[in-house]
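Participant: model this:
(chains A and B)
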Amino acid sequence: NAGVTQTPKFQVLKTGQSMTLQCAQDMNHEYMSWYRQDPGMGLRLIHYSVGAGITDQGEVPNGYNVSRSTTEDFPLRLLSAAPSQTSVYFCASSYWQGAGEQYFGPGTRLTVT
Amino acid sequence: SQQGEEDPQALSIQEGENATMNCSYKTSINNLQWYRQNSGRGLVHLILIRSNEREKHSGRLRVTLDTSKKSSSLLITASRAADTASYFCATDARETSGSRLTFGEGTQLTVNP
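Facilitator: Okay, the predicted model is just below:
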């Protein structure tokens, strides 16, 4: 199993540009989520999904969209990038629910100039 | 706001010594988890302790939970240079009904060879 994969690994955007961060898992996990990690801080939940077709907002959802058309994929869209969205983004999945053991991807380091 | 707060923020020890990290949280929980993050990598799940458990072991790791004090500790015995990483606690708060985890800001552990 590849586990949780994320692409790209690094990305630089200009303010106002949009892009999609990709996340995929091959463990047949129902629950998937996106976090952002800023220097010296823990992880903050952006959006999560408890199954295909179902998404919900986390702690810091503004400026981000998600969709879950398949069990495997959970892309995160930045609608109009802002410097405040410079961060490292982690995708995670879990077998039984959001509060179970999380499997994390390697992260995407995003810089918005 | 962060549910879990780790203490200390940074810890530097010699190889072979024990490392103790603490986590305090604010609300009632279903479970508490500890994760490790090596520099530039995703988080890796270490151990989960449920609210009705007081102590749990996994290899060189020992986790305790005191729900009356709303605190947990992670002890790494006989530390190795490879244990150098950031350690995060994450809580499943009863108020969010298992839908998500809330992460603390982490403790940076450095084990000197």
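Participant: average pLDDT for stretch B:81-94?
Facilitator: Averaged across stretch B:81-94, pLDDT comes to 93.
Participant: got the buried residues for that stretch?
Facilitator: Residues of stretch B:81-94 classed as buried: B:83, B:84, B:85, B:86, B:87, B:88, B:89, B:90, B:91, B:92, B:93 (neighbour count, 16 or more other Cβ atoms under 10 Å in any protein chain shown). Every residue, glycine included, has its C-beta placed from N, CA and C.
Participant: Alongside chain A, which residues does chain B contribute?
Facilitator: B:2, B:4, B:30-31, B:33, B:35, B:40-45, B:48, B:88, B:90, B:92, B:96, B:98-106 (Cβ under 8 Å from any Cβ of the partner chain).
Participant: List buried residues within those residues.
Facilitator: Buried by 16+ other Cβ under 10 Å: B:2, B:4, B:31, B:33, B:35, B:42-43, B:45, B:48, B:88, B:90, B:92, B:96, B:98-106, out of the residues of chain B next to chain A.
Participant: Out of those, name the ones that lie in helices.
Facilitator: The helices in this structure, assigned by DSSP state H, contain none of these.
Participant: Show me which pair in the buried residues of stretch B:81-94 is furthest apart.
Facilitator: Maximum pairwise distance among the buried residues of stretch B:81-94 (Cβ to Cβ): 30.0 Å, between B:84 and B:93.
Participant: quick one: contacts for the closest residue to residue B:23 other than its chain neighbours?
Facilitator: In space, and not counting its chain neighbours, residue B:23 is closest to residue B:89: 3.4 Å by Cβ to Cβ, 6 or more residues apart in numbering or on different chains. Shown in contact with residue B:89 (Cβ atoms under 8 Å, 6 or more residues apart in numbering or on different chains): B:4, B:6, B:23, B:25, B:32, B:33, B:34, B:35, B:72, B:74, B:103, B:104.
Participant: which residues pair with residue B:89 across the strands?
Facilitator: Assessed by DSSP bridges, residue B:89 has beta-bridge partners residue B:34.
Participant: likewise residue B:71?
Facilitator: residue B:24, residue B:66.
Participant: So it versus chain A, what's the distance?
Facilitator: In this view, residue B:71 and chain A are 17 Å apart by Cβ to the nearest Cβ, to the nearest Å.
Participant: what sits against that residue?
Facilitator: Applying Cβ under 8 Å, 6+ apart, we find residue B:71 in contact with B:22, B:23, B:24, B:25, B:65.
Participant: if we go to 10 Å?
Facilitator: B:4, B:5, B:7, B:22, B:23, B:24, B:25, B:32, B:64, B:65, B:89 (Cβ atoms under 10 Å, 6 or more residues apart in numbering or on different chains).
Participant: Closest to residue A:42 out of the residues you listed?
Facilitator: residue B:4 (7.4 Å).
Participant: and stretch B:61-73, how far apart are its ends?
Facilitator: End-to-end distance for stretch B:61-73: 10 Å, by Cα to Cα, to the nearest Å.
Participant: Buried ones in that stretch, by neighbour count?
Facilitator: Buried, per 16+ other Cβ under 10 Å, within stretch B:61-73: B:61, B:62, B:63, B:64, B:65, B:70, B:71, B:72, B:73.
Participant: Work out the gap between it and the centre of the chain.
Facilitator: In terms of Cα atoms, centre = their mean, to the nearest Å, the centre of stretch B:61-73 is set 9 Å apart from its chain centre.
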